[in-house]
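Make a model of this:
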Amino acid sequence: MFRNPSPDGLRFAFGTLTVLPVKVTRWDRQAARGGMLCAPLAGLVVGAAAAAVGLLLLLLGAGTLLAAVATAAVPAVLTRGLHLDGLADTADGLGSGKPAEDALRIMKQSDIGPFGVITLVFVLAAQVAALAQAYDASWARGALAAVVSAAAARLALTLAARSGVPAARPEGLGAAVAGVVPVGGALAVAAAVTVAAGAAGAAFGPQGAVRAALAVAVAAAVADLLLRHCLRRFGGVTGDVFGALAETAATAALVVPALG
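Got it, this is the predicted structure:
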């Protein structure tokens, strides 16, 4: 699937998961399946752009904290902030403690409640802190962290779109991609992203390879825990839930290498 991704799948992935000028010509289940299988490739491009901005600032003499802020900002810009918005809305829905129907209605509201604000503050703070620590270690480690976290974030979307995961609503992006990816395909993509991350981390030795691969694995596991909780609370996935999963996975992938 990575060797010869379908053009429709690539267009779906980049057209729905980024602001890049890619026109989505098909919205059927087959195109959605290809798009979700290709999601980590979109993450690779987003992560590379984030790393490039961070490295450029460092080259111009900026400190690692400013470079980390810019690196964390690029994915938000390249997704129109949709994943962060989904994280905030999901936090408000979960934090409300209300039944599924009421929680979903809260998530559809345009404003952001206290749970959403608090979640955004801590998640973004964690991302910036972890990136700054990675840049402090070396510019290359910071760049690798940016790329791996972005790929892991989109891998979480691939895994969440696997067969057996229902949509919470009959409309929206969540309904369009819910259950479109065969479980075997999702696991194959997860294995490919994990191996690729480990290979990239090998530039820093065996420990670097293990840390990078572990970052992807832990990110996928943490996102899956959130997914299961959302399924229990909402009865399915929504576009907001997908956004929350992406940001959760990205944060976990950044924090893991920062430990120890």
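
From now on I want contacts and neighbour counts done on CA atoms only, so please keep to that.
Noted.

which residues make contact with the helix or strand bottoming out on mean pLDDT in the chain from outside it?
Between all helices and strands in the chain, the lowest mean by mean pLDDT, DSSP states H and E belongs to helix 173-177, at a mean of 85. For helix 173-177, the surrounding residues in contact (Cα atoms under 8 Å, 6 or more residues apart in numbering) are 27-29, 32-33, 36, 161, 166-169, 237-242.

Just list the residues touching residue 23, thanks.
Counted by Cα under 8 Å, 6+ apart, residue 23 has contacts 11-12, 15.

That should have said residue 142, apologies.
Each residue near residue 142 by Cα under 8 Å, 6+ apart is listed here: 51, 131-136.

can you rerun that using 7 Å?
131, 134-135 (Cα atoms under 7 Å, 6 or more residues apart in numbering).

Out of these, which is nearest to residue 202?
Nearest to residue 202 among these, counting by Cα to Cα, is residue 134 at 15.7 Å.

what's around the closest one, how many residues?
Residue 134 is flanked by 24 other residues according to other Cα atoms under 10 Å.

hang on, the earlier thing: can you select the buried ones among the contacts of helix 173-177 for me in ChimeraX?
Buried residues within those, by 16 or more other Cα atoms under 10 Å, are selected in ChimeraX with:
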select :27,32,33,36,161,166,167,168,169,237,238,239,240,241,242
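
Which of the contacts of helix 173-177 fall in helices?
Here DSSP state H is the test, and the contacts of helix 173-177 give 29, 32-33, 36, 239-242 as lying in helices.

Contact partners for the spatially most central residue of the chain?
The chain has residue 153 as the residue nearest its centroid, 2.2 Å off, counting by Cα atoms, centre = their mean. Residue 153 makes contacts with 246-247, 249-250, as judged by Cα under 7 Å, 6+ apart.

what's the closest of the residues you listed to residue 203?
residue 250 (21.2 Å).

how about low-confidence regions in the chain?
1-5 (pLDDT under 70).

Kindly recompute the last result at 90.
In the predicted model of the chain, residues 1-9, 23-28, 96-97, 100, 109-111, 169-176, 260 satisfy pLDDT under 90.

what's the single longest helix in it?
helix 206-234.

quick one: buried residues of that one?
208-220, 222-224, 226-228, 230-231, 233-234.

Confirm that residue 112 sits in a strand.
No - looking at residue 112 with DSSP: H, G, I helix; E, B strand; the rest coil, it is coil, so not inside a strand.

For it, give its distance to residue 202.
Distance of residue 112 to residue 202, computed by Cα to Cα, to the nearest Å: 41 Å.

again, but for residue 213
Distance from residue 213 to residue 202, by Cα to Cα: 10 Å.

ok, now residue 66?
Residue 66 sits 27 Å away from residue 202, going by Cα to Cα.

circling back: which one of the contacts of residue 153 is nearest residue 116?
Nearest to residue 116 among these: residue 247, at 12.8 Å, using Cα to Cα.
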